[in-house]
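Q: fold the following and give me the result.
(one chain, ligands or ions: 1)
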Amino acid sequence: MSVFDTEGSDATGHEQVVFCQDRQTGLKAIIGIYSTALGPALGGTRFYPYENEEAAITDALNLSRGMAYKNALAGLDLGGGKAVIWGDPNRIKSEGLLRAYGRFVESLHGRYYTACDVGTYVPDMDVIARETRYVTGRSVEHGGAGDSSILTAWGVFQGMRAAAEHTWGSPTLAGRRVGIAGLGKVGKYLAGHLIEDGAAVVATDVSEAALSWARSTYPQIDLVADTRALITADIDVYAPCALGGALDDDTVAALRARVVTGGANNQLAHPGIEKLLEERGILYTPDYVVNAGGVIQVADEIEGFNFERAKLRATRIFDTTGQILRLADAEGVPPAVAADRLAERRMAEVGRLRSIYLS
Ligand SMILES: NC(=O)c1ccc[n+]([C@@H]2O[C@H](COP(=O)([O-])OP(=O)(O)OC[C@H]3O[C@@H](n4cnc5c(N)ncnc54)[C@H](O)[C@@H]3O)[C@@H](O)[C@H]2O)c1
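A: Numbering: from 1, shown residues only. Below you'll find the model as predicted:
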């Protein structure tokens, strides 16, 4: 993938891409800033042993673009960015490496705020914070917001309520059967919200610890053997809450649910799946819209974290999802396309205000 948007390239028009190296600690990082139209770019740092430099660059570019859309639809005054650190975190992560990375983040003077992602954790953010102010996802003791899965699950529940209203006329899951794949941090909280709302929950997980949690906390959850058994079960809603790529051709062909709303990132296994879902009459609420509660939570840290304020913002995922579903109907496009259009509209409309000069 090319970085520059020249004729014939597959570049997606990033504002800035920064390559950072510290030979002593082995740091090799790429910070992608897709857009600052709405404000400083916010997105996590992925620490991953990519096969080669090309793969690391591609991930940084794709992920930072995705964050611009996610932050725009979450109603945040933040643009989209994401960073990758190329290397095996189990081998090379050290205080020195994280602090060196923090100094590169600081050098951007607030054009980019970082946070946790795959391979980086809250204690890592506390270390990075010793070198830069532009870091979120810190521990509560260091002014951070703590576990972001609480509001992620709350936001997914709100998106699901909007999908229920669109499909069945009422914003509740009461009386519906919801199938959750993955009872991890997000799936667990989601199960709780659904049960409280009066839904029946069917679930699966590959982890014995997650299953025994379910048996002891919510014995009413119907546990099934695997994802295949879940998607072919008699469920109204499918909630992918494990890994990405949950919606592939086979799954969509076999799925019995009428609605798909879940917390997992990158649920569509490849472009075109959104059309397959539409053809089968399955309503899909775009993952990046409904799982924005986590980024809403870390973004709130920038102002000094206030849980109630962040929760209120995550509750609005109900309205945004409803708006997207109505737009999709009005424009005759899948919700994934409608969501992109709405995000682009906000980036253009709010970004345009910068053209009004202020002394
Ligand atoms: N935690 C957040 O704030 C947040 C925010 C946005 C998006 N997400 C996304 O939501 C998803 C879940 O995140 P999490 O924080 O709950 O992660 P987690 O690791 O706590 O939970 C994932 C669960 O899925 C289970 N799992 C893995 N493979 C499975 C399979 N094949 N079948 C069934 N279960 C399987 C795991 O055993 C685990 O219990 C991820 O895709 C993540 O990227 C999380």
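Q: look up the closest residue to residue 200, ignoring the ones flanking it.
A: Distance criterion CB to CB, 6 or more residues apart in numbering; nearest residue to residue 200, sequence neighbours excluded, is residue 177 at 4.7 Å. Bear in mind the C-beta positions are built from the backbone N, C-alpha and C, glycine included.
Q: wait, I meant residue 278
A: residue 334 (4.8 Å).
Q: now do the strands in the stretch 101-250 of the chain.
A: Ranges of strands in the stretch 101-250 of the chain, per DSSP state E, counting those that start in this stretch, are 112-113, 177-181, 200-204, 222-223, 237-240.
Q: would you list these in a markdown table and tack on mean pLDDT and distance to the ligand?
A: Formatted as a markdown table, those follow (pLDDT from 0 to 100; distance: least, CB to the nearest ligand atom, whole Å):
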| stretch | mean pLDDT | distance to the ligand |
| --- | --- | --- |
| strand 112-113 | 98 | 16 |
| strand 177-181 | 98 | 5 |
| strand 200-204 | 98 | 5 |
| strand 222-223 | 98 | 11 |
| strand 237-240 | 98 | 8 |
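Q: I'd like those strands as CSV, with distance to residue 170 and mean neighbour count appended.
A: CSV is the format used below for the strands of the stretch 101-250 of the chain (distance: least, CB to CB, whole Å; neighbours: other CB atoms under 10 Å):
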stretch, distance to residue 170, mean neighbour count
strand 112-113, 39, 28
strand 177-181, 15, 26
strand 200-204, 16, 23
strand 222-223, 23, 16
strand 237-240, 14, 28
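Q: residue contacts, the closest residue to the ligand within the chain?
A: In the chain, the residue found nearest to the ligand is residue 184; the distance is 1.6 Å by CB to the nearest ligand atom. Under the criterion of CB atoms under 8 Å, 6 or more residues apart in numbering, the contact list for residue 184 reads 149, 205, 207, 210, 241-242.
Q: any idea of the pLDDT on it?
A: At residue 184, the model reports a pLDDT of 93.
Q: what do you get for residue 3?
A: On the pLDDT scale, residue 3 gets 70.
Q: and the closest residue in space to it that isn't next to it in sequence, bridged to which residues?
A: Among residues not flanking residue 3 along the chain, residue 17 sits closest, at 5.1 Å (CB to CB, 6+ apart). Counting by DSSP bridges, residue 17 is bridged to residue 32.
Q: just the pLDDT for residue 17.
A: For residue 17, the model assigns a pLDDT of 97.
Q: got it, and residue 7?
A: Looking at residue 7, its pLDDT is 62.
Q: who in the stretch 1-150 of the chain is up against the ligand?
A: Proximity of the stretch 1-150 of the chain to the ligand (CB under 6 Å from any ligand atom) is limited to residues 148-149.
Q: do a quick rundown of the helices in the stretch 1-150 of the chain.
A: 53-73, 89-92, 95-107, 122-128, 149-168 (DSSP state H, counting those that start in this stretch).
Q: CSV for the ones you listed, including mean pLDDT and mean neighbour count?
A: Formatted as CSV, the helices of the stretch 1-150 of the chain follow (pLDDT from 0 to 100; neighbours: other CB atoms under 10 Å):
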stretch, mean pLDDT, mean neighbour count
helix 53-73, 95, 22
helix 89-92, 96, 13
helix 95-107, 98, 20
helix 122-128, 96, 21
helix 149-168, 97, 24
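Q: for stretch 196-206, what is the distance to the chain centroid?
A: Counting by CA atoms, centre = their mean, to the nearest Å, stretch 196-206 is centred 21 Å from the centre of its parent chain.
Q: hmm, who's touching it?
A: With CB under 8 Å, 6+ apart as the contact definition, stretch 196-206 has outside contacts at 157, 161, 172-184, 187, 191, 194-195, 211, 214, 218, 220-227, 229-230, 233, 235, 242.
Q: rerun at 7 Å
A: With CB atoms under 7 Å, 6 or more residues apart in numbering as the test, stretch 196-206 has contacts from 172-183, 191, 194-195, 211, 214, 221-227, 229-230, 233, 235.
Q: got the contact list for residue 290?
A: 155-156, 159, 261, 317, 321.
Q: which residue packs closest to it, ignoring adjacent ones?
A: In this structure, residue 290 finds its nearest non-sequential neighbour in residue 159, 3.1 Å apart by CB to CB, 6+ apart.
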